[in-house]
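Q: Okay, here's the prediction I keep looking at, along with the sequence it came from:
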Amino acid sequence: MIEIFSYRWFLIEEKCRYLSNFNLHTAEVELPGEFLLPKHSHYYIHIARFMPMVDIVSKHGTAARRLHIRGHNGRVYPYLVVSDYSLSDARREERVLQLLRMMNHFFAKQKYQQVVAVSPQMRLVEDNVSSLSLLDIYKLRCAKKQLEPDTPITRYYERLAAVQARGAQASHQVLRDIVKEVQSAMVPQDYVA
């Protein structure tokens, strides 16, 4: 069986005793991103405590740590701690999300992720634990069929090598035909549906 997701975690008290001991009586701190939305101060959610387990997950193209924060309302809010090495992309993403927040306020009550810059190299991203990327869905489908996820790519390059071995030029039409053949044989259109 192909291993897709390796579940890794650590206890928060191993890395940061202060967060492990933090509670509502230590300080009244709002959840990250609470001030980004205009609402009455009575409706802000304060951090009651940090949950003991921190998951290590692969999301948004990087390895991140998922903190679970319990609010004073009893609900648990997952946040990703993401280290950003591409600052221009992170700032652009924050500006786009800020624009979407302003638009959502006027158009509808839509659910979106909170993104808060903690420092120039790090941000907190509110996480939806039940979400899967298209790549995750593709890998799950491949695992069910006991197929390596990279097999279509390997098949593409094998076909391309065969065309080039004959001495033929790989035109756009030839490349398109190879892609269509791989798609029809290995990745049907309804594969992620």
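A: Perfect, thanks for sending it.
Q: Please tell me how far the residue nearest the centre of the chain sits from residue 70.
A: With distances taken as Cα atoms, centre = their mean, residue 59 lies nearest the centre of the chain, 3.2 Å away. Distance of residue 59 to residue 70, computed by Cβ to Cβ, to the nearest Å: 21 Å. From N, CA and C alone the C-beta is placed, and that goes for glycine too.
Q: Could you pick out the longest strand of this protein?
A: Identified as the longest strand of the chain according to DSSP state E is strand 62-71.
Q: which parts of that one are buried?
A: 64-71 (16 or more other Cβ atoms under 10 Å).
Q: tell me the least confident of those residues?
A: Within the buried residues of strand 62-71, residue 64 has the lowest pLDDT, namely 84.
Q: and it, what are its bridge partners?
A: For residue 64, the beta-bridge assignment (DSSP bridges) gives partners residue 57.
Q: Now for it: which residues touch it?
A: Contact analysis of residue 64 by Cβ atoms under 8 Å, 6 or more residues apart in numbering lists 56-58, 80-83, 125.
Q: where's the dip in pLDDT among the residues you listed?
A: Note: of the contacts of residue 64, the lowest pLDDT belongs to residue 83, at 77.
Q: residues contacting that residue?
A: Contacts for residue 83 (Cβ under 8 Å, 6+ apart) come out as 62, 64, 121-122.
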